[in-house]
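Q: Got a sequence here, can you model it:
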Amino acid sequence: MSQHSTLLLNADYQPLSYFPLSLVSWQDALRAVIRGRVTVVAEYDAVARSPSRTMRLPSVIALKAYQKAGRNVAFTRFNVYLRDRFSCQYCGGMFEAKGLTFDHVVPRSRGGATSWENIVAACHACNGAKGSRMDMRPRVMPRKPLPYELFAAGQNYPPNYLHESWVDYLYWDSEIRP
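A: The predicted structure follows:
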């Protein structure tokens, strides 16, 4: 049963997040169902049993109360990579997250801050070549993204696993195969 994650949708039946995909454990999903906070949209064939009841595990649930999207975007390594579309801002190469690192446009040794406006995604080779230099400029100057921009960026990166019951609620530019 550990592989039975549940897709969590907002009250408008849109995912709360595309990347990472808004998934909850089956245990949390069952708690939310029992507490009446969500509507079950689709179920797995698997069941959970207690001494007094048997319930099918939900594969898709929707919140009953609409949750507004946050107004602020958390400054995290992953969100920087997502903002920069997993591409090195110096050479333009596309990488997986493990092939990228943070780079300070204005190096910390020269007073540069660790902020949305001074950090870009860079491949290890470009980051090493740049070092503390100031003459390498990123392809796109960094800025704080708006929540909807990160949401849209996340739609370009479908996860490795999609259950067939989730596909009707997810939208990516490329074809997805469960």
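
Q: and the lengthiest strand in the chain, what does it pack onto?
A: Under DSSP state E, the strand in the chain containing the largest number of residues is strand 38-49. Applying 3 or more Cβ pairs under 8 Å, 6 or more residues apart in numbering; DSSP states H and E, one finds that strand 38-49 contacts helix 26-34, strand 54-63. The C-beta positions use only the backbone N, C-alpha and C, and glycine is treated the same way.

Q: Now for the protein, the helix or strand with the poorest mean pLDDT.
A: Of all helical and strand segments in the chain, the minimum by mean pLDDT, DSSP states H and E falls on helix 147-154, at a mean of 84.

Q: contacting residues around that one?
A: Helix 147-154 is contacted by residues 17-20, 69-73, 79, 82-83, 85, 145 when judged by Cβ atoms under 8 Å, 6 or more residues apart in numbering.

Q: Can you list the strands that the longest strand of the chain pairs with?
A: strand 54-63 (antiparallel) (DSSP bridges).

Q: and the helix or strand following the strand it pairs with, which residues are buried?
A: Sequence order places helix 77-83 as the next helix or strand after strand 54-63, per DSSP states H and E. By 16 or more other Cβ atoms under 10 Å, the buried positions in helix 77-83 come out as 79, 80, 81, 82, 83.
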